[in-house]
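Visitor: Starting from these lines, generate the structure:
(one chain, ligands or ions: 1)
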Amino acid sequence: MPGMKISGIGMCVPERVVTNHELEPLLNTSDEWIQQRTGIVERRWVPEGVELSDLALTATQEALEAAKVKAEDIDMIIFATLSPEMCFPGTGVMLQAKLGIKNTPALDVRNQCSGFLYGLAVANGMICSGMYKRILLVGAEIQSRGILKIPQGRDTTVIFADGAGAVVLEQSEGPEGLIDIYLGADGRHAEELCAPGMGSRWEGFVTQQMLDEKSHHPYMNGRTVFKYAVTRMPKTIQLICERNEIAISDIDVLIPHQANLRINEMVAKTLGLEDKAFNNIEKYGNTTAATLPICIYEALQQEFLKPGHLLALTAFGSGFTWGSALIRM
Ligand code: COA
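Guide: This next block holds a predicted model:
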């Protein structure tokens, strides 16, 4: 059976930088609080008029160029996001239209911070079975229009941000490529981190009471999320290494999801990989499904991650959902 490798990668973040200082008067917060608790210094927000599929398109064009392929060569689009342009249809079809390609199937993945890993697993199944040769996997978010820019929303508003990352995935016959991927979910915690509106639970998808109370915006029980994230992420890395008979010390680079630097420091410490962990949360905050491809892109660009390296990815988020992957670059 063939394997699956990343043959091209691209990223896109809006130009507009929003510093912690800019949020201070809006949220009754402080640069010191945000940096100390999350590690975030600044993030990017899109200007008016920019759509999610625009960010995705720019990242995709770079990934296609790096892979030396055209949009027409893509057999399938997988689009991971928690901030789709509309309730339906998914944003994958909007990206497909902007790419100017017809008939290419487009699937939206709704697994929040684990969306990129879930998308990677779906692509792996399709590529390794021989169903498709080349898949475009995009993780993209515009969260700046969904977060609550008043003190009531300060716990989530300081964290979530905008960005996109894209990878071209292809069949691989050589040593490079995905070694294994582990996925998990526990729906008992669905309401610990969620955006209740818009949803079919409510007549009209959003109620007047929700609008008045602004409870249709993201809600997070930060402490519970923190507690589960710091245990699930290292545990799944340990598990995936064990079942592949790989020592954790053989991992060259660890890229954890970027939700909180303190979480990531604890994860790296638990695994003994402090010097091998790559983080960029200080610049971008939590771009959810876009985080992992953006990190892979920057780690490669900075030569922190190099061809031949063993890369470990791990993520945890709303659902709760989580996962880890091992990739030989
Ligand atoms: N600025 C200032 N104060 C804030 C704040 C902000 N942005 N956000 C929350 N606070 C306040 C709270 O109101 C609370 O005040 P109180 O003690 O007067 O009630 C106090 O800080 C402590 O709140 P708490 O939620 O317990 O803080 P925390 O130490 O848990 O840090 C998070 C909050 C969100 C940074 C942290 O819980 C976290 O990172 N959790 C995980 C996030 C995550 O992984 N999300 C996943 C996304 S996929």
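Visitor: okay, CA-based contacts and neighbour counts for the rest of this
Guide: Will do.
Visitor: Disregarding flanking residues, what is the spatial nearest neighbour of residue 7?
Guide: With sequence-adjacent residues excluded and distances taken as C-alpha to C-alpha, 6 or more residues apart in numbering, residue 7 is closest to residue 67, at 5.0 Å.
Visitor: Wait, that neighbour touches residue 10, no?
Guide: No: in this structure, residue 67 is not within contact of residue 10 by C-alpha atoms under 8 Å, at 9.8 Å.
Visitor: Between these two, tell me which one has more neighbours.
Guide: Neighbours per residue, other C-alpha atoms under 10 Å: of residue 67 and residue 10, the larger number sits with residue 10, 27 against 18.
Visitor: The chain: helices as residue ranges?
Guide: 20-27, 31-38, 52-67, 91-99, 115-128, 154-157, 208-213, 222-243, 261-271, 281-284, 291-301 (DSSP state H).
Visitor: Quick check, residue 15 in contact with residue 50.
Guide: No: using C-alpha under 8 Å, residue 15 makes no contact with residue 50, being 11.4 Å away.
Visitor: what residues does the stretch 101-250 of the chain put near the ligand?
Guide: 113, 154, 155, 158, 222, 223, 225, 226 (C-alpha under 6 Å from any ligand atom).
Visitor: Narrow those residues to those that are buried.
Guide: 113, 154, 155, 158, 225, 226 (16 or more other C-alpha atoms under 10 Å).
Visitor: Leaving out the residues flanking it, which one is nearest to the fourth one?
Guide: To tie it back to what came earlier, the one meant is residue 158. Nearest to residue 158 is residue 34, by C-alpha to C-alpha, 6+ apart, at 7.1 Å.
Visitor: can I see the domain layout of the chain?
Guide: The chain breaks down by automatic domain parsing into domains covering 3-175, 178-328.
Visitor: Can you say which of the ones you listed is packed in most?
Guide: domain 3-175 (a mean of 21; mean count of other C-alpha atoms under 10 Å).
Visitor: what about that one, start to end distance?
Guide: Terminal residues of domain 3-175 are spaced 9 Å apart (C-alpha to C-alpha, to the nearest Å).
Visitor: Also stretch 127-137?
Guide: Start-to-end, stretch 127-137 (C-alpha to C-alpha) is 12 Å.
Visitor: same deal with stretch 278-294?
Guide: 11 Å.
Visitor: so what's residue 193 up against?
Guide: By C-alpha atoms under 8 Å, 6 or more residues apart in numbering, the contact list for residue 193 reads 218, 219, 220, 221, 225, 317, 318, 319, 320.
Visitor: Grab the nearest non-local neighbour of it.
Guide: residue 220 (4.3 Å).
Visitor: go on, residue 240?
Guide: residue 182 (6.6 Å).
Visitor: same check, this time on residue 164
Guide: residue 140 (4.0 Å).
Visitor: now swap in residue 93 and tell me
Guide: residue 106 (5.7 Å).
Visitor: and that neighbour, what does it touch?
Guide: Counting by C-alpha under 8 Å, 6+ apart, residue 106 touches 76, 77, 78, 79, 92, 93, 96.
Visitor: Could you rerun that using 10 Å?
Guide: By C-alpha atoms under 10 Å, 6 or more residues apart in numbering, the contact list for residue 106 reads 75-79, 90-96, 135-137.
Visitor: pLDDT value on the nearest residue to residue 39 once chain neighbours are set aside, please?
Guide: In this structure, residue 39 finds its nearest non-sequential neighbour in residue 261, 5.1 Å apart by C-alpha to C-alpha, 6+ apart. pLDDT, residue 261: 97.
Visitor: With the one 5 residues further on instead?
Guide: At residue 266 the predicted local confidence, pLDDT, stands at 97.
Visitor: One more: residue 175?
Guide: 89.
Visitor: Now do the same contact list for the residue lying closest to it once chain neighbours are set aside.
Guide: The spatially closest residue to residue 175, leaving aside those adjacent along the chain, is residue 328, at 7.1 Å (C-alpha to C-alpha, 6+ apart). Residue 328 is in contact with 5-6, 175-180, 251-252, 306-312, counting by C-alpha under 10 Å, 6+ apart.
Visitor: Could I get the contacting residues of the residue of the stretch 201-329 of the chain at minimum distance from the ligand?
Guide: The stretch 201-329 of the chain approaches the ligand most closely through residue 222 (3.4 Å), counting by C-alpha to the nearest ligand atom. Shown in contact with residue 222 (C-alpha under 10 Å, 6+ apart): 155, 156, 192, 193.
Visitor: Report the two of the residues you listed separated the most.
Guide: 155 and 192 (13.2 Å; C-alpha to C-alpha).
Visitor: Mind listing the shared neighbours of the two?
Guide: Residues touching both residue 155 and residue 192 (C-alpha under 10 Å, 6+ apart) are 219, 220, 221, 222.
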